[in-house]
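Undergrad: how would this look folded up:
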Amino acid sequence: MIQIYTSFLTSSHIYVKGRVLKNRFPMSFVNQGPISSLFNTILRARSKELPNIPIRCGFGDHVFDVVTDCEGYFEIFHNISTFQSIPKKIKIEGEFKGENIVFERPLSSYLYDVPHGIISDIDDTIMVSKVKSLFKLRLLINTVLINPFRRKPIENAAEAFHKMVLNTEGQSPLIYLSNSPWNIYDYIQAFLLHNSFPVGEVLLRDMDFKILKYRDITEYNKYIEIEKLLIAFKDTTFTLIGDTGEKDFDIYKAILEKYPDRIDRIILNNAGNQKKISEVNKYLINAEFKNIEIINGYLGIE
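TA: Numbers count the residues shown, from 1 in each chain. All right, here's what the predicted structure looks like:
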């Protein structure tokens, strides 16, 4: 199985992220109970990745030969200045057990008129997750035992996101960026579709033991991915949306300090962490950038 998680083209870059697996992930269903959801979670966690597999990725007249890493992932993040024509799709070829596999998928195109975009967290920003609960127990229960069709969205979030996209001139790229593992990519997509959120790119992360180690804020996956997006969308400014639960504000603040001209607005949903709310308010006292808002739900957000 070849999974393509994201594949888009901007005026300067192409970005493709995918994975090669031996097995397919299980499907979720609306009437699925907690036992079936638990079984699906176990199957997703036991992904059988294929490392060191040569993959040929074609974009029109331009071809990249890549090899999957130890977890079966492959990535292309490349400047398109050398491309002779603008590709409309990606064609992936690989050989598995003597069988030639060919897979094609359209590229999302953000080539022209992209003045502003939105980058949003998922857990406790658009999906009720309770990340800040004791030992993250509520988060684990929600993810492991509740199917994506029964997960609760943050009230009025979908409507507010549609308004933000519609109120932006030109194309408005929307990127859902989360610390959730790629293994639940299909789960996240089912939640977004079922709750009528606007279509956008989904960027997650590999689940490894690095999350248990101390890291500088610039080593967090969200920071790294936002920096890539700022490079890919070189003429675009962004609204950053997150919550007050854990590290969103710290990451967004670090991005703002390094790229002050690229961030228009920061919106933080109140996730009940009073210490983080105090940090935000203290920062705003002396900060030049004042367009940071803590909200209790999305009513009135446009």
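Undergrad: for the closest residue to Asn270 other than its chain neighbours, grab the count of nearby residues.
TA: Distance criterion CB to CB, 6 or more residues apart in numbering; nearest residue to Asn270, sequence neighbours excluded, is Asn296 at 4.9 Å. C-betas here are computed from N, CA, C, even on glycine. Applying other CB atoms under 10 Å, we find 8 residues neighbouring Asn296.
Undergrad: how much space between Ile76 and Asp123?
TA: The gap separating Ile76 from Asp123 is 27 Å, by CB to CB, to the nearest Å.
Undergrad: which phi and psi does the residue nearest to Asn195 when sequence neighbours are not counted have?
TA: Spatial nearest neighbour of Asn195, excluding adjacent residues (CB to CB, 6+ apart): Pro153 at 4.6 Å. Backbone geometry at Pro153, expressed as degrees, to the nearest 10, gives phi -80, psi 160.
Undergrad: correct me if wrong: Pro153 contacts Thr125.
TA: No - proximity of Pro153 to Thr125 does not meet the contact threshold set by CB atoms under 8 Å, at 10.1 Å.
Undergrad: could I get the phi/psi values of the residue in the chain sticking out farthest from the centre?
TA: Distance from the C-alpha centroid of the chain peaks at Gly98, with 34.1 Å (CA atoms, centre = their mean). Torsion angles at Gly98 (phi, psi; degrees, to the nearest 10) stand at phi 80, psi 0.
Undergrad: Ile76 and Asp123 - which one has more neighbours?
TA: The neighbour comparison of Ile76 against Asp123 (other CB under 10 Å) goes to Asp123, with 25 against 17.
Undergrad: so what's the more buried one bridging to?
TA: Met127 (DSSP bridges).
Undergrad: and the gap between it and Ala287?
TA: To Ala287, Asp123 is 26 Å away according to CB to CB.
Undergrad: repeat that for Val16.
TA: Applying CB to CB, the value for Val16 to Ala287 is 37 Å.
Undergrad: look at these two and report which has more neighbours.
TA: Taking neighbours as other CB under 10 Å, Val16 and Ala287 compare with Val16 leading, 23 against 14.
Undergrad: correct me, but that one touches Ile2?
TA: No - counting by CB under 8 Å, Val16 stays clear of Ile2, with 11.3 Å between them.
Undergrad: now do the helices in the protein.
TA: Along the chain, counting by DSSP state H, helices occupy 34-45, 137-145, 157-166, 185-194, 221-232, 248-258, 274-286.
Undergrad: Asp69: which of those is closest?
TA: Counting by CB to CB, Asp69 lies closest to helix 221-232 out of the helices of the chain; the figure is 15.0 Å.
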